[in-house]
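Enquirer: sequence isn't available, so here's the structure alone:
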């Protein structure tokens, strides 16, 4: 019977994966009782007030008590000033019936605080540097200012909603057996005499138990939602809170469901949707022409976010004109979470990059990845066996196309038992891995968190014997269903379990891989085929006796922590590479992400840009989408355009479903092969730029890919553009994402209110575009619009190799595009592209500057890395004249260099031949 159930579930899962998502399998706000209760406050408002006599001030914070004036329940408030224009607001019950969950492991460390001064009058004014917070007592509200500009208000709408813990009105006797967990939960903190008595019920049928389809949520601790509104008086648009397959600019949710943050396994997801997907990053930004601010809502429970923006129309414009008002109602975000506390970080900018860096200062950044991770990855579910892997690798060489990494999905394992191999398909995995490594290539294998319940499987044995699995309410190991059939899930919140899991990566245990094999963590939302909404029940119990409802969005994050620790322990000198599907705030410290189970159609191609831009500003620059679409079979045009687009997203991987046709590049007509090869060569030529960008992300928190508003904050036309992206502030990319077009509209952003713009140079022809605004740009099969900003210097490598590893010592090309003043600057970072030695100074980090017809370099840090690379050529666009030659001076020696003029007006200085760690000056000599 068990076998037949397993077969039915797997067949059903495969059928579903081919049939597309059914939205009815996932909750709406109305079906989620805490969401509908919290949303009701929007019509009535809540009544919270500060209790003045309870104020305590400290050097960096203040505390006070709040009271709900309707039920008289009391809460504690703490407002803390952090370094870098950020405040932290925490609200919790003063004397809860049991401890409420506070998120751990998301922040990169304890935030650094700063000194405050407090002035008390009718309001409390807390000042920290150029920022201040003004607390209004009754009704409770906090207004935040940056340089005296009002940018954020907390509870301006009076939508604060905090369901205090309570005893059930008529609690039935607890069952005699399996009650240990419940008793331990009660022992957290028992203040039942001081909390609101049981006589105050919540009139909602889902308060104490809830059903969805065939699933029952027991809700043993009753209603415990928290919600709070944030208004942004200086803003015009809101963006953030990934992951959703929607536009970059958040849309109003008035009359619709809120955006949902709840990590779920959603296959073939629909686009233009507020449905939850695989990741939940509760950070939101508000932007206007003069100010940017943000809010990080630190809560790992299921969360919904309502967005209210002013819809500009003729009627509202007339009303404002008649009333003399020039200001519309500011946009509002209403965060609603099922449990936990209010823990909000208010980031005051003032500019977009400031806000992005403030969030990075809290949750961290990606580490600098190995260079191979930024190159091209080839994957599908599944490469059949060792011969298949070897053949695909060889075909890339045969067709002279670069490729760095082969990927293996779940079929490489012995019956979906992770840390094992199928001995028939992969009898000699170490030999296969060695062959790839000798070619300069890598292998990535998948390891998911569902563990096959097989008594002969060592991992299951160890977890069962040691109590390492997530538990049911009754204290038993939870059993769900996933790819292996019957499966249980390690409780990664337990540090002992994480250590055990991490130890499995040691080569003394996992003997059939090398230290260069990297890891893909999938299905870690967690995915449970027979669970509610294809995930784990909320009343499961984790380490520390926390319910799964409290920590759901962190489960994948904890899985990553174990994987990262395992790879670091396996080889402390090598930077790990991990790809994850589930993610939360802070997961970027451990892994790259991709946009999940997309579809081979044009709308999903378009949303790959929208989604990755949103992820990038939320900390996840290392983002990409399955090239060609996971589901379905792309035609040649779609595949070509997807490769061209993917080449300008940070994570570049082709991947496909097991039921799709094979789509390796050589299986397509010669024209398509040529387009794909061109896209691959373009990606590899820009690897020095990608690598430098990720180094600077780690150092500063500035995203690698950026929306236009990042550097053009006053250009309102640019605010919502999500069909274009910036790579740092050096490239502007407008992929072709419509079928059969011969031209696309490109928007060149304005730098001031007079509509002046930067110079933008076509990266192939160096044609210069000087005006801000939309311009229709012709496109061909093998070209998409990519422009380099005037005023920037971009490092490239233009020698073709089979993989990035073989490019390590290849020479560099510097592409210099001049601005209106004839100047340009740009950085380059290089090291061994693999180890952590760069953190000990073994690197070269240099800034190149061109001015007054001279190129010079300045080392930002001492150049201690010994590189055999050198500068092969220098291309200068926008010079306006042709020099007769150039003079380069290095180590006190000067020599003449030839100048070559290109038909496009650019000049090329050939073979400067200067090593990367040497100071030099190159002077252009006029006739």
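Expert: Received the coordinates, thanks. Computed from a prediction, not measured in an experiment: that's the story for all the values here. Numbering: from 1, shown residues only.

Enquirer: which SS class is residue 588?
Expert: helix (DSSP: H, G, I helix; E, B strand; the rest coil).

Enquirer: mind checking pLDDT for it?
Expert: The model reports residue 588 with a pLDDT of 99.

Enquirer: three-state assignment of the spatially closest residue to it that is not a sequence neighbour?
Expert: Of all residues not flanking residue 588 in the chain, residue 619 sits nearest, at 4.5 Å (CB to CB, 6 or more residues apart in numbering). C-beta: built from backbone N, CA, C; applies to glycine. Classification of residue 619 using three-state DSSP returns coil.

Enquirer: residue 619: neighbour count?
Expert: Here the count is done by other CB atoms under 10 Å, and residue 619 has 28 residues near it.

Enquirer: residue 83 contacts residue 114, doesn't it?
Expert: Yes. If you go by CB atoms under 8 Å, residue 83 and residue 114 touch, sitting 4.9 Å apart.

Enquirer: the more surrounded of the two?
Expert: Taking other CB under 10 Å, residue 83 and residue 114 do not tie; residue 114 has more neighbours (17 against 14).

Enquirer: wait, that one sits on residue 61?
Expert: No. Using CB under 8 Å, residue 114 is not in contact with residue 61, being 10.1 Å away.

Enquirer: need the overlap of contacts for the two.
Expert: Common contact partners of residue 114 and residue 61 (CB atoms under 8 Å, 6 or more residues apart in numbering): residue 81.

Enquirer: which parts of the stretch 201-350 of the chain are helices?
Expert: Ranges of helices in the stretch 201-350 of the chain, per DSSP state H, counting those that start in this stretch, are 314-323.

Enquirer: how far away is the residue nearest to residue 588 from residue 626?
Expert: 21 Å (CB to CB, to the nearest Å).

Enquirer: show me the contacts for residue 451.
Expert: By CB under 8 Å, 6+ apart, the neighbours of residue 451 are 418, 457, 459-460, 463, 469, 484, 487-490.

Enquirer: and with 10 Å instead?
Expert: 416-418, 457, 459-460, 462-464, 468-469, 482, 484, 486-490, 501 (CB atoms under 10 Å, 6 or more residues apart in numbering).

Enquirer: narrow these to those in helices?
Expert: Secondary structure defined by DSSP state H assigns 459-460, 462-464, 501 of the contacts of residue 451 to helices.

Enquirer: beta partners of the nearest residue to residue 622 once chain neighbours are set aside?
Expert: In this structure, residue 622 finds its nearest non-sequential neighbour in residue 592, 3.8 Å apart by CB to CB, 6+ apart. On the basis of DSSP bridges, residue 592 is bridged to residue 579.

Enquirer: how many residues are close by residue 592?
Expert: Residue 592 has 24 neighbouring residues, counting by other CB under 10 Å.

Enquirer: how much space separates it from residue 240?
Expert: 19 Å.

Enquirer: repeat for residue 449
Expert: Taking CB to CB, one finds residue 449 at 27 Å from residue 240.

Enquirer: who has more neighbours out of those two?
Expert: Taking other CB under 10 Å, residue 449 and residue 240 do not tie; residue 449 has more neighbours (27 against 24).

Enquirer: so who does the more buried one touch?
Expert: Here residue 449 is in contact with 418, 470, 482, 487-490, 492, 501, 521-527, 555-556, 558-559, 562-563, 582 (criterion: CB under 10 Å, 6+ apart).

Enquirer: quick one: mark the members of those that sit in strands.
Expert: Within the contacts of residue 449, residues falling in strands by DSSP state E are 482, 487-488, 521.

Enquirer: tell me who's in contact with the closest residue to residue 850 other than its chain neighbours.
Expert: Distance criterion CB to CB, 6+ apart; nearest residue to residue 850, sequence neighbours excluded, is residue 824 at 4.5 Å. By CB under 10 Å, 6+ apart, the residues touching residue 824 are 759, 788-794, 814-818, 848-851, 855, 876-878.

Enquirer: one more: residue 38?
Expert: Applying CB under 10 Å, 6+ apart to residue 38 gives the contacts 29, 32, 46, 159, 161-163, 223, 225-228, 258, 304, 306, 334-338.

Enquirer: can you point out the buried residues in the strand or helix carrying it?
Expert: Assessed by DSSP states H and E, residue 38 sits inside helix 33-44. Within helix 33-44, the residues scored as buried using 16 or more other CB atoms under 10 Å are 33-39, 41-42.

Enquirer: and of these, the nearest to residue 705?
Expert: Nearest to residue 705 among those: residue 35, at 32.3 Å, using CB to CB.

Enquirer: helix, strand or coil for the residue nearest to that closest one when sequence neighbours are not counted?
Expert: For residue 35, ignoring the flanking residues on the chain, the nearest one in space by CB to CB, 6+ apart is residue 29 at 4.0 Å. Under three-state DSSP, residue 29 falls in the coil class.
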